[in-house]
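Peer 1: Based on what follows, work out the 3D shape:
(4 chains)
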2 protein chains.
Amino acid sequence: MRPTVHDIAAAAGVSLATVDRVLNQRAGVRSVTREKVEQAIERIGYVRDVAAANLAKSRVYPFIFILPAGDNSFMRGLEAQVRAAIARSPVERTSISIVSVPAFNAEALVAALDEAQAAAPAGVAVVAIDSPDVIAAVNRLRAARIPVVTLVSDLPGSQRDHFAGVDNVAAGRTAGSLMGRFLGGQSGSVAVLAGSMLVRDHRERLDGFRAVMDQDFPGHALQPVLEGQDDPAQVERLIDDLLTSQEGIAGIYSLGAGNRGLIAALKKRAGKAHICVIAHELTPHTRAALNDGLIDAVLNQDAGHEVRSAIRVLKAKADGVAVFGAQERIRIDIFLKDNLPFEQDAAADTPLDRGSNQEPAQGEED
Amino acid sequence: MRPTVHDIAAAAGVSLATVDRVLNQRAGVRSVTREKVEQAIERIGYVRDVAAANLAKSRVYPFIFILPAGDNSFMRGLEAQVRAAIARSPVERTSISIVSVPAFNAEALVAALDEAQAAAPAGVAVVAIDSPDVIAAVNRLRAARIPVVTLVSDLPGSQRDHFAGVDNVAAGRTAGSLMGRFLGGQSGSVAVLAGSMLVRDHRERLDGFRAVMDQDFPGHALQPVLEGQDDPAQVERLIDDLLTSQEGIAGIYSLGAGNRGLIAALKKRAGKAHICVIAHELTPHTRAALNDGLIDAVLNQDAGHEVRSAIRVLKAKADGVAVFGAQERIRIDIFLKDNLPFEQDAAADTPLDRGSNQEPAQGEED
DNA sequence: ATTTTTTTGATTTACGTACATCAAATTTTC
DNA sequence: GAAAATTTGATGTACGTAAATCAAAAAAAT
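Peer 2: Sure, this is the predicted structure:
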């Protein structure tokens, strides 16, 4: 049987009240006694029963999620996942609020972070913008002992507790490797379409992509990076211009959002030589394009994973408990048209497999 | 505030004892009363606090994992993950025992299943072999109201509650698609190496692979399937023979285990034209081969995921609770040498990221 | 209408932890 | 060595649920 607080008391030769004082770092314990108790804890291998503790405390975790606004399928999917988590709140003892800020706007993000700090939540998850002001705002939160998890886009150099997102350099490298191999002997240059170099994840993907292309596939020159602000309309114009002004584009790597515009532009040149297209994030649009052969591969990060992971980590940090790393890695999914998961509404992420003996649920995670 | 049993009692106008009788399906309640209570539960939206319930019951879940024995890196990794779960037992209220059976031996598996049934556990996880006897044994377990989850290899046609593993047809299709595209214009035939056609996962991978190759890349003929019994020595002999007797092998798809033998055989022909190799499961051997360029892509299923998922599902089934499908999908990881996660001992799957502000853990899941 | 059986209510204890209160013991201070 | 301050112990309540007991009420059987 698992040792309890009573066992600590017996082992340390002190009363339950003293054990409680040590465990919950309350005042009024001599350091000699404290040590005696701590050694007993170590010796008998006591681990706090978190379920019982939460029950006794009737603890709830107020969390704040700061997400970029705008017409971006991935971000809207992410928000839907947060809303799904809100629906689970009673069971998970969370109380989550969503704060929406304009995309690619560091100032607004700083304001939102400061406001979040004022609300004194048990944790904050934020889709970060890489800027010194934002780093400072995150560090202020940490100084106020509020755990911070970056979501999707990281903020190195800050004191954020954890990053719930993919390794974007590896994602870019993978894209480069697939691009090079899919192009095979074909000649031609490769275009890169990003959202903004302001966000870390886009910069990192570009770095990884460039590194592999330069080293392993030097035959394919890279065009200057296009920045479409993750905006479909803008992206469509950029790609239209590119494809009319430039000859010999063999591949396009779309490392940001706004793929609706990219797909629209690609559709206009139906019949011409195939361009190898690799994009990010599986949305209804990229899925359809993958099926139609307009896009060759989609690299995806599972927004549901990221949200659930962020919540688990924030809880753990709030409780001062170790995070189980193996469970929190967010992976890069590579989708070809041959391994697409069954279509499923991300928001309507309802429990499947509830009856007995159903087929395995398709299109999900862990 | 979340409604409690007291709220049910008040809402239904009955006593706490009656509510308890209904909730825990005890006898001695008239059907009229039972319905009154059930309606009240529905009406006020009561959800049982599982943590509190488990605390009150001091519930433990005795589970049995039936795994194939043998010198197979993936299966040994799987076993290591089960052992890691055993280490977490006190916290997770599980009590897991491992039963080892000879690989590809349906009779032994049936015996193990029957023995498991005699032990009356709260659930059984099994790496299935596709045979009518095994199906019958699994159905016996289910008839005895013991939840069964198939692990890695499924058993359709049986009444297993859930499959914790990947969509192997999709995996095979993906392998086919990658093989076809990586080969590009190159000519030559493609060999397929399996473990045994007795296990479902191998058959399904073959089906998927064949479908894509036949349809999308008819230029590459498939060689007859080689069965290596997942045994490195046997595999090495098979591949040695193949490569000396056959000319013009452009690709090899290894859909089972025993890749050590494959890699050894490949090493012997260093200097000759590159053969495109796609294999399954990331082990120290395949990882090294990927880095060396001997293997072009590795499709992987995360054993840690599968084990943790199986446990979550078994618990849910034991409690008669709905499974959260989105969290239980096991994904197919595609590894190129460009997106290999940092090396990590699968067994020593210790919590990372335990201090504050560490880099995100690499090489993991959910 | 009485007895028997079944159903319902009232109450208590337990799970492991948190938290509060008050008394007793110990240490520190003067 | 006495007073003051600090530390420790003893005890009780709470969290939401499970489970048991016994009495009371209601229903069914005679």
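Peer 1: could you list every residue that touches the closest residue to chain B within the stretch 51-200 of chain A?
Peer 2: Nearest residue of the stretch 51-200 of chain A to chain B (C-beta to the nearest C-beta) works out as A:G184 at 3.3 Å. C-beta: built from backbone N, CA, C; applies to glycine. Residues in contact with A:G184 (C-beta atoms under 8 Å, 6 or more residues apart in numbering or on different chains) are B:181, B:184-185.
Peer 1: any idea which of these is least confident?
Peer 2: Least confident entry in these, by pLDDT: B:G185, with 79.
Peer 1: For it, which three-state class applies?
Peer 2: Look at B:G185: counting by DSSP: H, G, I helix; E, B strand; the rest coil, its state is coil.
Peer 1: and the gap between it and A:A289?
Peer 2: 25 Å (C-beta to C-beta, to the nearest Å).
Peer 1: any idea how far the residue in the stretch 101-250 of chain A that DNA strand D sits nearest to is from A:S95?
Peer 2: Per C-beta to the nearest atom of the strand, A:A122 is where the stretch 101-250 of chain A lies closest to DNA strand D, at 18.2 Å. Applying C-beta to C-beta, the value for A:A122 to A:S95 is 9 Å.
Peer 1: overlap in contacts of the two?
Peer 2: In contact with both A:A122 and A:S95: A:61-63, using C-beta under 8 Å, 6+ apart.
Peer 1: about what we covered before: which of A:A122 and A:S95 has more residues huddled nearby?
Peer 2: Neighbour totals were compared for A:A122 and A:S95, and A:A122 leads with 19 against 15 (other C-beta atoms under 10 Å in any protein chain shown).
Peer 1: near DNA strand C, which residues of the stretch 51-200 of chain A?
Peer 2: With C-beta under 7 Å from any atom of the strand as the criterion, the stretch 51-200 of chain A meets DNA strand C at residues A:52-53, A:55-57.
Peer 1: Now render the residues you listed as JSON lines, adding distance to B:G208 and neighbour count.
Peer 2: What follows is those, written out as JSON lines (distance: C-beta to C-beta, whole Å; neighbours: other C-beta atoms under 10 Å in any protein chain shown):
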{"residue": "A:A52", "distance to B:G208": "47", "neighbour count": "15"}
{"residue": "A:A53", "distance to B:G208": "48", "neighbour count": "14"}
{"residue": "A:L55", "distance to B:G208": "48", "neighbour count": "16"}
{"residue": "A:A56", "distance to B:G208": "52", "neighbour count": "10"}
{"residue": "A:K57", "distance to B:G208": "50", "neighbour count": "10"}
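Peer 1: out of those residues, who's near DNA strand D?
Peer 2: With C-beta under 7 Å from any atom of the strand as the criterion, these include A:52, A:55-56 near DNA strand D.
Peer 1: What are the boundaries of the helices in the stretch 1-150 of chain A?
Peer 2: For the stretch 1-150 of chain A, the helices defined by DSSP state H, counting those that start in this stretch occupy A:5-12, A:16-23, A:31-44, A:50-57, A:73-87, A:89-92, A:106-118, A:132-143.
Peer 1: among those, which is nearest B:N300?
Peer 2: The closest of the helices of the stretch 1-150 of chain A to B:N300 is helix A:73-87. By C-beta to C-beta, the value is 24.7 Å.
Peer 1: hmm, back to that, between B:G185 and A:A289, which has more neighbouring residues?
Peer 2: A:A289 (24 against 8).
Peer 1: Would you mind naming the helix or strand containing the more buried one?
Peer 2: Using DSSP states H and E, A:A289 maps to helix A:284-292.
Peer 1: Indicate each strand paired with the next helix or strand after that helix and its parallel or antiparallel sense.
Peer 2: Using DSSP H and E, the helix or strand that follows helix A:284-292 in sequence is strand A:297-300. Strand A:297-300 has the following sheet partners, assigned by DSSP bridges: strand A:276-280 (parallel), strand A:333-335 (antiparallel).
Peer 1: Now do the buried residues in strand A:297-300.
Peer 2: Neighbour-count burial for strand A:297-300 flags A:297-300 (criterion: 16 or more other C-beta atoms under 10 Å in any protein chain shown).
Peer 1: Could you export those to CSV, including columns for pLDDT?
Peer 2: Output for the buried residues of strand A:297-300, formatted as CSV (pLDDT from 0 to 100):
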residue, pLDDT
A:A297, 97
A:V298, 97
A:L299, 97
A:N300, 96
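Peer 1: Against which helices or strands is the lowest-mean-pLDDT helix or strand in chain A packed?
Peer 2: None of the helices or strands of chain A scores lower by mean pLDDT, DSSP states H and E than helix A:325-328, at a mean of 87. For helix A:325-328, the packing partners by 3 or more C-beta pairs under 8 Å, 6 or more residues apart in numbering or on different chains; DSSP states H and E come out as helix A:303-319, helix B:303-319.
Peer 1: can you rerun that using 10 Å?
Peer 2: Counting contacts by 3 or more C-beta pairs under 10 Å, 6 or more residues apart in numbering or on different chains; DSSP states H and E, helix A:325-328 packs against strand A:162-164, helix A:303-319, helix B:303-319.
Peer 1: Adding distance to DNA strand D, write the buried residues of strand A:297-300 out as JSON lines.
Peer 2: Shown next, in JSON lines, are the buried residues of strand A:297-300 (distance: C-beta to the nearest atom of the strand, whole Å):
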{"residue": "A:A297", "distance to DNA strand D": "47"}
{"residue": "A:V298", "distance to DNA strand D": "43"}
{"residue": "A:L299", "distance to DNA strand D": "43"}
{"residue": "A:N300", "distance to DNA strand D": "38"}
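Peer 1: Just the pLDDT for A:P351.
Peer 2: 35.
Peer 1: Near whichever residue of the stretch 201-350 of chain A sits closest to DNA strand C, how many other residues are there?
Peer 2: In the stretch 201-350 of chain A, the residue that lies nearest DNA strand C is A:D319 (9.1 Å; C-beta to the nearest atom of the strand). For A:D319, the neighbour count with other C-beta under 10 Å is 16.
Peer 1: neighbours around the closest residue to it other than its chain neighbours, how many?
Peer 2: Nearest non-adjacent residue to A:D319, counting by C-beta to C-beta, 6 or more residues apart in numbering or on different chains: A:V50, 6.9 Å away. Using other C-beta under 10 Å, A:V50 has 15 neighbouring residues.
Peer 1: Give me the domain ranges for chain A.
Peer 2: Here the domain assignment for chain A is A:5-47, A:57-165+A:303-329, A:168-300, based on automatic domain parsing.
Peer 1: okay, those domains in JSON lines with distance to B:H285 next?
Peer 2: Putting the domains of chain A into JSON lines (distance: least, C-beta to C-beta, whole Å) gives the following:
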{"stretch": "domain A:5-47", "distance to B:H285": "36"}
{"stretch": "domain A:57-165+A:303-329", "distance to B:H285": "21"}
{"stretch": "domain A:168-300", "distance to B:H285": "21"}
